[in-house]
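Chemist: sequence unknown, structure follows:
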């Protein structure tokens, strides 16, 4: 059983499954995932798009669907247990499921750790009781688990392998209708519908302000696999600014950009790996924000800044995520070459700290080890 509750987990889960099947074709995977895991060969009993929400208020709204998914997986673990449960990120759901698996005698591999280093540090003790093995993607996570005696391996980050454009820069520009003589700003509003509602109006207002200052700017927006064009189109149609919407070519979109306005999340690592200067924004409900302020123990929100252990790119969170502020930061990136180069150098440090390639293959080897399967047997 493999559980991935959102778009990034679907991507990493699909890579893991492909690697595991290449080592042992007789393996069968089922659980919760999206289109990419289905393509890789996973029987998805629940679509990850039903699960991809963040924040207290937002989770409350989607609780019935999430609860139904949990009960379905719980029932399988108790009545027809798999040989292994693989959990990918999505901690509030997955830690509860790990507890069920432990009671049912099912081994648990947790891939991509809950952010215990950022908030709710006490979860490490809980994880020690219910998880058999951790496969972590940041080197600084290892000591948190070693201290509690949890078997843990730093496997590198899966994005180091997967973040590569599929086209040359020239071909990408031609494919998207991007004029190489004009500068391009990327708008990355998120992969969840609630993120689109919160952030896309802010990004589009920022685009309008930027176009007033730089009339030659062109804008491009990659559509996440967890969304449909209809989720985005109404906002673009009423925005008053022309935005090129691209499906399925996210890394090629990143490479054609001179600067990017992005929500916080895994996408900031993808942008960092391709070395494009950005500004990070994020908004949640006021209740979620207040609770987060009490609980979060890190100095940065953007994961690329956390990995670098310094403020490589500007963060504008909650009330600071105003179009005027965003516009000023993007304008500085576009006009101050020294400032933009400093950001690129910081992003290069992020890439170095994420380790070498081969992450999914390392995790697949752990899967076979936990199943006591050797290649070819």
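Modeler: Noted; the coordinates are in hand. These figures come from a predicted structure and were not determined experimentally.

Chemist: Against residue 46, how distant is the residue most central in space within the chain?
Modeler: Closest to where the C-alpha atoms of the chain average out (Cα atoms, centre = their mean) is residue 266, at 3.1 Å. Separation of residue 266 from residue 46 (Cβ to Cβ, to the nearest Å): 21 Å. Heads up, the C-betas are built off the backbone N, CA and C, glycines and all.

Chemist: One more: residue 275?
Modeler: Residue 275 is 36 Å from residue 46, where distance means Cβ to Cβ.

Chemist: So these two - more neighbours on which side?
Modeler: Neighbours per residue (other Cβ atoms under 10 Å) separate residue 275 from residue 46, with residue 46 holding more: 19 against 16.

Chemist: List the strands paired with the strand or helix carrying that one, with their directions.
Modeler: If you go by DSSP states H and E, residue 46 is part of strand 43-47. In the sheet, strand 43-47 lines up against strand 30-33 (parallel) (DSSP bridges).

Chemist: care to break the chain down by domain?
Modeler: Domains of the chain are assigned by automatic domain parsing as 2-156+358-370, 169-353.

Chemist: how about TSV for these, with mean pLDDT and distance to residue 163 added?
Modeler: Below are those laid out as TSV (pLDDT from 0 to 100; distance: least, Cβ to Cβ, whole Å):
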stretch	mean pLDDT	distance to residue 163
domain 2-156+358-370	90	10
domain 169-353	90	4
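
Chemist: Show me what the helix or strand hosting residue 143 packs onto, helices and strands only.
Modeler: Assigned by DSSP H and E, residue 143 belongs to helix 142-146. Contacts defined by 3 or more Cβ pairs under 8 Å, 6 or more residues apart in numbering; DSSP states H and E place helix 142-146 against helix 123-130, strand 133-136, strand 152-154.

Chemist: just checking, what packs against the shortest one?
Modeler: For strand 152-154, the elements it packs on are strand 133-136, helix 142-146, judged by 3+ Cβ pairs under 8 Å, 6+ apart.

Chemist: go with 10 Å
Modeler: Packing contacts for strand 152-154, counted by 3 or more Cβ pairs under 10 Å, 6 or more residues apart in numbering; DSSP states H and E, involve strand 133-136, helix 142-146, helix 359-370.

Chemist: quick one: buried residues of the shortest one?
Modeler: For strand 133-136, burial by neighbour count (16 or more other Cβ atoms under 10 Å) applies to 133, 134, 135, 136.

Chemist: if I look at the residue nearest to the last one when sequence neighbours are not counted, how far off is residue 49?
Modeler: Excluding the flanking residues, the one nearest residue 136 by Cβ to Cβ, 6 or more residues apart in numbering is residue 113, at 4.7 Å. As judged by Cβ to Cβ, residue 113 and residue 49 stand 23 Å apart.

Chemist: With residue 255 instead?
Modeler: Plainly put, residue 255 is 27 Å away from residue 49 if you go by Cβ to Cβ.

Chemist: What of residue 242?
Modeler: 28 Å.

Chemist: Over to residue 218?
Modeler: Taken as Cβ to Cβ, the span from residue 218 to residue 49 is 30 Å.
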